[in-house]
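Undergrad: heads up, no residue letters with this:
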């Protein structure tokens, strides 16, 4: 796992930026600022403000890949989601798949409930995914204010497409494979 994965859920944005700046394997750090997410009525009034930090990082001893980046998401100045992406050349499919299985197995130690899924675009399989939870009840509707963490690991094809839509199958030429990790802490604010 990358060395910046030590950033714990709940870390402040300020502390995360400082830790990333100290890490010699992290480069091109961008503070993406604040954006608003639509509320249930799909308006920006009274919506939630999310802050993001995006950066690239060098490959590590665990996973050697061609292009790596990560995005940290903050709500109320608190880290709640970490997204990590590794890109592999088309000829490195076996390496991507090996890492996918290794990470799934590692995640299972802390998140033993796993739900395997197929990733599809227009009814065509383009990858696989494993959502992992600490307990079975986290897969179903939670109680108001309840918090849980889950991790997802996935891999998928990345197609060459002039519109820069990597999910679009387009001309069918495979540009490579993407291995993605997501760690998220969710606090359900269910209205009565």
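TA: Nice, I can see it. Quick caveat, the model's predicted, so the values are computed rather than measured.
Undergrad: now what about stretch 72-85, what contacts it?
TA: 2, 5, 7-14, 16, 48-54, 68-71, 178-187 (C-beta atoms under 8 Å, 6 or more residues apart in numbering). No exception for glycine: its C-beta is placed from N, CA and C like everyone else's.
Undergrad: likewise stretch 122-139?
TA: So stretch 122-139 is contacted by 100, 104, 107-108, 110-120, 148-157, 167, 169 (C-beta under 8 Å, 6+ apart).
Undergrad: one more time with 7 Å
TA: 104, 107-108, 111, 113-120, 148-157, 169 (C-beta atoms under 7 Å, 6 or more residues apart in numbering).
Undergrad: cool, stretch 52-69 as well?
TA: Here stretch 52-69 makes contact (C-beta under 7 Å, 6+ apart) with 1-4, 13, 16-17, 20, 25-32, 70-73, 85-89, 99.
Undergrad: Of all the residues in the biggest helix by length in the chain, which ones are buried?
TA: Taking DSSP state H as the criterion, the chain has its longest helix at helix 93-108. For helix 93-108, the neighbour count (16 or more other C-beta atoms under 10 Å) marks 95, 96, 99, 100, 103, 104, 107 as buried.
Undergrad: got a list of what the fourth one touches?
TA: I take that to be residue 100. 153, 155, 179.
Undergrad: now the second one
TA: Contacts were defined as C-beta under 7 Å, 6+ apart; by that measure residue 96 touches 88, 155, 177, 179.
Undergrad: go on, the first one?
TA: For residue 95, the contacting residues are residue 88, by C-beta under 7 Å, 6+ apart.
Undergrad: For it, report the pLDDT, please.
TA: pLDDT for residue 95: 92.
Undergrad: what's the answer for residue 163, then?
TA: So, for residue 163, pLDDT stands at 52.
Undergrad: picking up where we left off before, which of the contacts of residue 100 ranks first by neighbour count?
TA: Of the contacts of residue 100, residue 153 is surrounded by the most neighbours, 25 neighbours in total, counting by other C-beta atoms under 10 Å.
Undergrad: Give me the distance between stretch 19-38 and the centre of its chain.
TA: Counting by C-alpha atoms, centre = their mean, to the nearest Å, stretch 19-38 is centred 14 Å from the centre of its parent chain.
Undergrad: Okay, buried residues for that stretch please.
TA: In stretch 19-38, the ones that count as buried by 16+ other C-beta under 10 Å are 20, 23, 26.
Undergrad: Redo the residues you listed as TSV? Include pLDDT, secondary structure and distance to residue 133.
TA: Shown next, in TSV, are those (pLDDT from 0 to 100; DSSP: H, G, I helix; E, B strand; the rest coil; distance: C-beta to C-beta, whole Å):
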residue	pLDDT	secondary structure	distance to residue 133
20	91	helix	28
23	87	coil	29
26	89	strand	29
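Undergrad: Show me the shaky parts of this structure.
TA: 1-6, 36-48, 59-61, 137-147, 161-172, 187-192 (pLDDT under 70).
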